[in-house]
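Peer 1: With the input below, show me the fold.
(2 chains)
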Amino acid sequence: MNINNVVDGIKENLNAYGYVELPGCRARIDTEAFAKSIGSIFDVSSVYGYKNVSIVQSLRPRAKSVDLRNQYSGNYGYDDFPMHTDLAHWLRPPRYLMLRCIVGTSSVATRLLSNKYIKECLGEYVIKRAIVKTRKKGRFRGFFLPLEFNEGSVTAFRWDSMFLVPMNGSSWKVRELLLSEQIKSFCRETILRKEGDTIIIDNWKMLHGRSAVVPGVANRRLVERIYLDNIGK
Amino acid sequence: MVETVLPNLWVSETLYAKAQLYMEQMESNTADQWQYGLWSALCLELLLRAALSNISPVLLANPNNWRNLNHALGNGPTAKKFVPNSIATKEVLDRLTELVPGFTKEVAGFCFVHTNRRNAELHTGETVFSDLGTSKWLPGFYQTCKLLLESMGKSLGDFVKDGENVQAMIGSLEYAVAESVTQDISIHSNAWMNKSDHEQETAVLQATAWATRQSGHRIKCPSCSSSSLLQGSPIGTVSTKVNDVEVVQKQTMLPSLFECIACGLKISGFSKLSSCGLGDAFSESTIYSAAEFFDLYTEDELQDAKNESSYYEPDFNED
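Peer 2: Sure, this is the predicted structure:
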């Protein structure tokens, strides 16, 4: 398999759809090596306050816990994870995230939603004016952020119902839409069934979430996550 | 290795987001409420900083402590109890005047007055905004917002609720300025016509001599056609050309003041000059000798050194 062709294909799909699915792709190669072969890795530990976070993070379903209030698992446990942008409270969230199946299950879906849909529903005016604030955490002060941001020629979107607090009417409308039940019917669902199943998501253009996990049935699910700055060399 | 810090509080985006919230607060009040004016002044201050930060957040750092620059670069604090400190609003205005095209001294002057109103509101018992009619500041406020937003690649329509009416208000300000300048030129023109031929001749000669002696851009007066002067404020970068014996530096000047001593017409401010066709930028050249520019020894200094050596008397033992 010519890796350059794979990378070109990944780029094409990300540009067109905002995500790309790679079933059983190079299952024998570890996540970090696979990520390196297709792009440049973003090391989360290089960011102030995140030095204990490893490059590859292991994601397992966990019960709610007061000790993990800064994480989705701690708050949502085995329930649905609402649609969100990873690290939405950063000035610049990581551009791409890659989820790679280590132990799969067919009963848990990863949900995907393009920000184009949100714009269609609420209108460009609402999206452009939506302002949120980040949570104050200890000595880290909160600050204001627009939901829509620009980086070069890319218009990007961020959302997180846990880490971002709506500050005006526009951002409350976005929150209302994204926490509604109806939003699930507009999401694309993909399943990480077997080892090597990979999905790469453009974190600036797509929101993602997770369906509920039935404890005892699917809590052996193990997915590895790694962030990328860009795809290709 | 210094780690990258997340909450850089001077990043343009966060300042802009706050400015937008303050604009919404302003718009939630009616124009006759004092809160309307106060929120506008707070909004303006944030928008000014957002525009400067959009060029670089480093431009907001107070240079009195290098750690402020380090913070603006997005790095973590390297000293305990460090609190980042930014420059004062006046300094923000001075920097914007040189860095943002269209942000003239006139605009800076308006911003200075309006942000000072916020100081007076918060530091004194004076009813600053209660008794201030919006006609005195609102069109200028929106005009400034538009300029700052456009410098950041944004539009007025994204920032205010009623973009159309705001644009109309800005248009009416521009029209009012043009009307007043046209009237002024007309008054001076009539006064000029009423002078005798001899008076006009004398005035023209005086004006020609004056315009030749003073520094500035020489043009024809729109009122009496005599030789008159346009002064400007520097904008943009300086270009430097090095020849064999001299160095020529040029910079674009945006007109800020017109004066004709023949008919007495004086027009101050870029918006007024622009409205009567005197707003075209011009360039100003300064010529330096190579020695002056590069701080070399001049011929005179070399000669002085030679002269000193001729006074030197060698040691000589007298018998």
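Peer 1: need the helices for the chain, in chain order.
Peer 2: In the absence of a named chain, this looks at chain A. Assigned by DSSP state H, the helices in chain A fall at A:3-17, A:31-38, A:72-76, A:115-122, A:124-129, A:169-178.
Peer 1: not what I meant, chain B
Peer 2: B:12-27, B:34-55, B:66-72, B:89-99, B:105-123, B:138-151, B:156-159, B:163-193, B:197-213, B:270-275, B:290-294, B:299-310.
Peer 1: hang on, the earlier thing: next, format the helices of chain A as JSON lines and append mean neighbour count, distance to residue B:61 and mean pLDDT.
Peer 2: Bear in mind the C-beta positions are built from the backbone N, C-alpha and C, glycine included. Shown next, in JSON lines, are the helices of chain A (neighbours: other Cβ atoms under 10 Å in any protein chain shown; distance: least, Cβ to Cβ, whole Å; pLDDT from 0 to 100):
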{"stretch": "helix A:3-17", "mean neighbour count": "14", "distance to residue B:61": "37", "mean pLDDT": "90"}
{"stretch": "helix A:31-38", "mean neighbour count": "18", "distance to residue B:61": "36", "mean pLDDT": "94"}
{"stretch": "helix A:72-76", "mean neighbour count": "18", "distance to residue B:61": "36", "mean pLDDT": "79"}
{"stretch": "helix A:115-122", "mean neighbour count": "17", "distance to residue B:61": "34", "mean pLDDT": "93"}
{"stretch": "helix A:124-129", "mean neighbour count": "18", "distance to residue B:61": "29", "mean pLDDT": "93"}
{"stretch": "helix A:169-178", "mean neighbour count": "18", "distance to residue B:61": "30", "mean pLDDT": "95"}
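Peer 1: Which stretch among those helices approaches residue A:190 most closely?
Peer 2: helix A:3-17 (11.3 Å; Cβ to Cβ).
Peer 1: tilt between the closest one and helix A:31-38?
Peer 2: Between helix A:3-17 and helix A:31-38, the angle comes out at 90 degrees (axes from the mean of the first three to the mean of the last three Cα atoms, to 10 degrees).
Peer 1: what separates helix A:3-17 from the chain centre, distance-wise?
Peer 2: 19 Å (Cα atoms, centre = their mean, to the nearest Å).
Peer 1: Touching that helix from outside, list them.
Peer 2: A:19, A:20, A:22, A:37, A:38, A:39, A:96, A:114, A:200, A:202, A:231, A:232 (Cβ atoms under 8 Å, 6 or more residues apart in numbering or on different chains).
Peer 1: and the first one, what are its bridge partners?
Peer 2: With DSSP bridges as the criterion, residue A:19 is bridged to residue A:201.
Peer 1: how about it, what does it touch?
Peer 2: Per Cβ under 8 Å, 6+ apart, neighbours of residue A:19: A:13, A:112, A:188, A:190, A:199, A:200, A:201, A:202, A:206.
Peer 1: thinking again about what came up before, output the helices of chain B as JSON lines; include the columns mean neighbour count, distance to residue A:31 and mean pLDDT.
Peer 2: Shown next, in JSON lines, are the helices of chain B (neighbours: other Cβ under 10 Å; distance: least, Cβ to Cβ, whole Å; pLDDT from 0 to 100):
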{"stretch": "helix B:12-27", "mean neighbour count": "22", "distance to residue A:31": "32", "mean pLDDT": "95"}
{"stretch": "helix B:34-55", "mean neighbour count": "23", "distance to residue A:31": "37", "mean pLDDT": "96"}
{"stretch": "helix B:66-72", "mean neighbour count": "19", "distance to residue A:31": "35", "mean pLDDT": "93"}
{"stretch": "helix B:89-99", "mean neighbour count": "18", "distance to residue A:31": "45", "mean pLDDT": "96"}
{"stretch": "helix B:105-123", "mean neighbour count": "17", "distance to residue A:31": "52", "mean pLDDT": "92"}
{"stretch": "helix B:138-151", "mean neighbour count": "21", "distance to residue A:31": "43", "mean pLDDT": "95"}
{"stretch": "helix B:156-159", "mean neighbour count": "18", "distance to residue A:31": "40", "mean pLDDT": "90"}
{"stretch": "helix B:163-193", "mean neighbour count": "15", "distance to residue A:31": "48", "mean pLDDT": "87"}
{"stretch": "helix B:197-213", "mean neighbour count": "14", "distance to residue A:31": "76", "mean pLDDT": "87"}
{"stretch": "helix B:270-275", "mean neighbour count": "20", "distance to residue A:31": "59", "mean pLDDT": "84"}
{"stretch": "helix B:290-294", "mean neighbour count": "14", "distance to residue A:31": "59", "mean pLDDT": "78"}
{"stretch": "helix B:299-310", "mean neighbour count": "9", "distance to residue A:31": "70", "mean pLDDT": "71"}
